[in-house]
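In: Sequence first, then the predicted structure:
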Amino acid sequence: MPRSRDKRAHKLSHACAAIVLCAACLLVPGCTAPVHKQAVALASATAPVIDKASAAYREVQSVHSQRLDFDAGAALDQTGVFDPSTVQTWPQEKDIDVRLKVLAAFDLYVKNVVAITNGTDSPALDQASESLGSDLTSLGNTLAPPVESALGIAPAAAATTTSTTPAPLISAGTQKGIAEAIDAFGQFLVYRTIQKDLPPKLVQMDPHVKTLCQLLANDTAILQEQEKLDSNHLIDGWTDLIRNSKVDPLQRRTAFIQVPLLARRQQADSLLFTDLHAALVRLELAHHALAAVAQGNSPESLKQKISDLQSAGASLGKLH
């Protein structure tokens, strides 16, 4: 019996030692802890999402501008008058800048997590983080009132012939959550977390990541709908020219070329926005799993989410 108890005690001692070693691995600089490995994977998967988000924002802006130009030209042809106020940029540059700053903050946030878990220090990363963090802290205090026109997406400035232009409203509670989430990112970037405090910090940041990822994903869906409205309007306009026998033959020939080109562009844009929306959702899920890993849970679920995210990023890269 004493020998049996000694064996059980020996096994228990080894088990305790393994637990202590795993816990210490999360805190020791340079240790290849699960949280570090998964943070590296998340960082590499984030880059294509950010790059293609910028391209998607510019694309919806470009299509909307073409729609305005087409309408302005038609009005000029009919009335002989051109109204400069009808030609406006949407989304505005400042609104695109807000979106890109939020995505850039996520990118720097993940890079900081990688650096912290690896026990490394980069002056360039610290400087970039502090600069953007201060900017975000200020932005978080002022973003809530105009959020509908920036991240909440007010409808495009151009009036449409239909009432289907999306115009969602954001509640005061959601506005507050957005401001708090942006401020949390800013605080994290300005005041770098030390290694031993990182696991609970990742858990604390998780709901803020969820708020912003869901907002940007919904924003992407609304932008996609607006792009579809604008491109359909252009296709209909060029189709009307084809059907009009009084139109100059050269202009009709141009219309014959424009209609299939616009249809192909609409299809490519639909894939771009759909994939971007899915990638933003996966970013939220991947961070949630990363926070779980930081608490000592199994990283297996995160591996699949990271794999999905990388696949989404690869799909984005094939479109533009």
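Out: That came through, no problem.
In: Surely Glu59 touches Leu271?
Out: No. Contact criterion CB atoms under 8 Å: Glu59 and Leu271 do not qualify, at 11.5 Å. C-beta: built from backbone N, CA, C; applies to glycine.
In: Give me the more crowded residue out of those two.
Out: Relative neighbour count places Glu59 above the other of Glu59 and Leu271, with 20 against 13, counting by other CB atoms under 10 Å.
In: Any figure for the gap between that one and Gln224?
Out: To Gln224, Glu59 is 10 Å away according to CB to CB, to the nearest Å.
In: so what's in contact with the two at the same time?
Out: Jointly contacting Glu59 and Gln224 under the rule CB atoms under 8 Å, 6 or more residues apart in numbering are Asp269.
In: mind listing the helices for the stretch 101-250 of the chain?
Out: Ranges of helices within the stretch 101-250 of the chain are 123-142, 147-150, 172-190, 198-243, 249-294, based on DSSP state H, counting those that start in this stretch.
In: ok, of those, where does mean pLDDT dip lowest?
Out: Sorting the helices of the stretch 101-250 of the chain by mean pLDDT places helix 147-150 lowest, at a mean of 42.
In: circling back to that earlier point, looking at the helices of the stretch 101-250 of the chain, which is closest to Ala39?
Out: Using CB to CB as the measure, helix 249-294 is the one of the helices of the stretch 101-250 of the chain that comes nearest Ala39, at 6.5 Å.
In: report the angle between the axes of that closest one and helix 198-243?
Out: On the basis of axes from the mean of the first three to the mean of the last three CA atoms, to 10 degrees, helix 249-294 is oriented at 170 degrees to helix 198-243.
In: now for helix 249-294, which elements pack on it?
Out: If you count contacts as 3 or more CB pairs under 8 Å, 6 or more residues apart in numbering; DSSP states H and E, helix 249-294 packs onto helix 34-79, helix 198-243, helix 300-317.
In: I'd like to check the angle between it and helix 34-79, please.
Out: For helix 249-294 against helix 34-79, the angle by the same axes, to 10 degrees is 160 degrees.
In: I'd like the helices and strands packed on helix 249-294 laid out as TSV, including distance to Ser129.
Out: As requested, the helices and strands packed on helix 249-294 are exported to TSV (distance: least, CB to CB, whole Å):
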stretch	distance to Ser129
helix 34-79	14
helix 198-243	14
helix 300-317	22
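In: With Phe256 as the reference, name the closest of those helices.
Out: Nearest to Phe256, of all those, is helix 198-243, at 6.3 Å by CB to CB.
In: If I take that closest one and helix 172-190, what angle do their directions form?
Out: 120 degrees.
In: Look at Pro91 and tell me its secondary structure.
Out: coil (DSSP: H, G, I helix; E, B strand; the rest coil).
In: surely it meets Val60?
Out: Yes. Between Pro91 and Val60 there is a contact under CB under 8 Å: 7.0 Å.
In: Mutual contacts of those two, please.
Out: Common neighbours of Pro91 and Val60 (CB under 8 Å, 6+ apart) are Leu223.
In: Mind checking the pLDDT average for stretch 91-104?
Out: For stretch 91-104, mean pLDDT is 86.
In: one step back: so which of the helices and strands packed on helix 249-294 is nearest Val281?
Out: Among the helices and strands packed on helix 249-294, helix 198-243 comes nearest to Val281, with 5.3 Å by CB to CB.
In: which other helices and strands contact that closest one?
Out: Where contact means 3+ CB pairs under 8 Å, 6+ apart, helix 198-243 is packed against helix 34-79, helix 93-118, helix 172-190, helix 249-294.
In: burial count for Tyr242?
Out: Actually, residue 242 is Ile rather than Tyr. Neighbours of Ile242 (other CB under 10 Å): 16.
In: got it, and the one 3 residues further on?
Out: Ser245 is flanked by 7 other residues according to other CB under 10 Å.
In: Let's see the pLDDT reported for it.
Out: pLDDT, Ser245: 84.
In: how near is it to Ile116?
Out: Using CB to CB, Ser245 is found at 70 Å from Ile116.
In: Equivalent analysis for Ile235, please.
Out: Applying CB to CB, the value for Ile235 to Ile116 is 51 Å.
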